[in-house]
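# Next come a sequence and a model predicted from it.
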Amino acid sequence: MKKPLIGVVPLWDEEKDSIWMLPGYLDGIELAGGLPVVLTLSTNASIIEQISRTIDGLLFTGGQDISPALYGEEKSEYCDMLCVKRDEMESALFNSAVMELDKPAFGICRGIQLFNALLGGKLYQYLDAQHRGIVWQNIIFALRAKAIVLVLGAVGIANMRAAAFADIGVAVIAILNAMSAMRRHEGICKS
C-alpha cells in the first residue's frame with residue numbers, strides 16, 4: 001500500500017542562512033504510517049502549486065514567531081525573531097493546499113498559530129509580559145494551596161488523598177482563571 005506523502009515545512013536557521021529539521025517530526029510521521037518529505041523554503045507560486053498537488057498532507061512545524069502583520073498588528077518589543085520568507089511560503093501553501101485543495105494539515109506551535117492568524121484570529125505577541133498578573137495570580141494561589149496542605153499534613157489532618165485533591169483543584173482553578181482571562185479577550189491566542 002502506498003504511504004501518504006506528508007510535506008514538512010522546514011525550520012529556518014538565520015545564523016547559518018539554512019533550512020533544517022528536527023528528526024522527531026519526521027520520525028513521528030513515519031511511525032504514523034506516512035512518508036515525510038522536508039519541503040524547500042520557496043515563495044515561487046508554481047513551486048507552491050506543484051507541492052500542493054503532489055503531497056497528501058502537511059505538517060506546519062514550530063519555529064520563529066509569525067509576523068504580527070498576518071493578524072493585523074505592528075511588531076511589538078515582545079515579538080522575537082521573524083522569518084518573512086517562511087511566513088510568505090506557509091501562507092501560500094496553506095491557501096493552496098489546505099483551503100483550495102482540502103488537504104489535511106497539522107500544526108505544531110508556530111504552525112497552529114499560523115492557522116489561527118490565516119483564518120482571521122489574533123495572537124498575543126508575548127502573553128507573559130502582556131498579562132503577567134494572571135500568571136502571578138495562578139502561581140501565588142498554587143503555592144498557598146500547597147503550603148496549606150503541607151501544614152495540614154504535618155499536623156496529621158491531611159493525607160495523600162487530600163494532597164492529590166489539592167493539586168487537581170489548584171490546576172482546575174488555574175485553568176478556569178485563564179479561561180476567564182481569555183473570555184475577556186475573546187478570540188486571541190498566545191504567539
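Great, that's in hand. Numbering: from 1, shown residues only.
# Apart from its neighbours in sequence, what residue is nearest the residue nearest the centre of the chain?
Nearest to the mean C-alpha position of the chain, by Cα atoms, centre = their mean, lies Cys109 at 2.0 Å. Nearest residue to Cys109, sequence neighbours excluded (Cβ to Cβ, 6 or more residues apart in numbering): Gly62, at 3.7 Å. In short, each C-beta sits where N, CA and C put it, glycine included.
# tell me the SS of Glu74?
State at Glu74, reduced to three classes by DSSP: H, G, I helix; E, B strand; the rest coil: coil.
# End to end on stretch 18-34, go ahead and measure it.
25 Å (Cα to Cα, to the nearest Å).
# And the closest residue to Thr40 other than its chain neighbours, which helix or strand is it part of?
Excluding its sequence neighbours, the residue lying closest to Thr40 (Cβ to Cβ, 6+ apart) is Ile47, at 6.8 Å. Using DSSP states H and E, the element containing Ile47 is helix 45-54.
# For that helix, buried residues please.
For helix 45-54, burial by neighbour count (16 or more other Cβ atoms under 10 Å) applies to 48-49, 51-52.
# Show me what it is packed up against.
For helix 45-54, the packing partners by 3 or more Cβ pairs under 8 Å, 6 or more residues apart in numbering; DSSP states H and E come out as strand 5-8, helix 84-93.
# Dump those to CSV, plus distance to Ile139 and mean neighbour count.
Converted to CSV, those look like this (distance: least, Cβ to Cβ, whole Å; neighbours: other Cβ atoms under 10 Å):
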stretch, distance to Ile139, mean neighbour count
strand 5-8, 36, 21
helix 84-93, 33, 20
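# For Ile157, find the nearest of these.
strand 5-8 (54.2 Å; Cβ to Cβ).
# Can you give the strand pairings for the helix or strand following the closest one, parallel or anti for each?
For strand 5-8, the following helix or strand on the C-terminal side (DSSP H and E) is strand 11-13. Paired strands of strand 11-13, with direction, are strand 18-20 (antiparallel) (DSSP bridges).
# Now do the strand it pairs with: everything it contacts.
Applying Cβ atoms under 8 Å, 6 or more residues apart in numbering, the contact partners of strand 18-20 are 10-13, 38, 40-41.
# hmm, which of those are the buried ones?
10-12, 38, 41.
# returning to that earlier point: out of the contacts of strand 18-20, who's nearest Pro23?
For the contacts of strand 18-20, the minimum distance to Pro23 (Cβ to Cβ) is 10.7 Å, reached by Val38.
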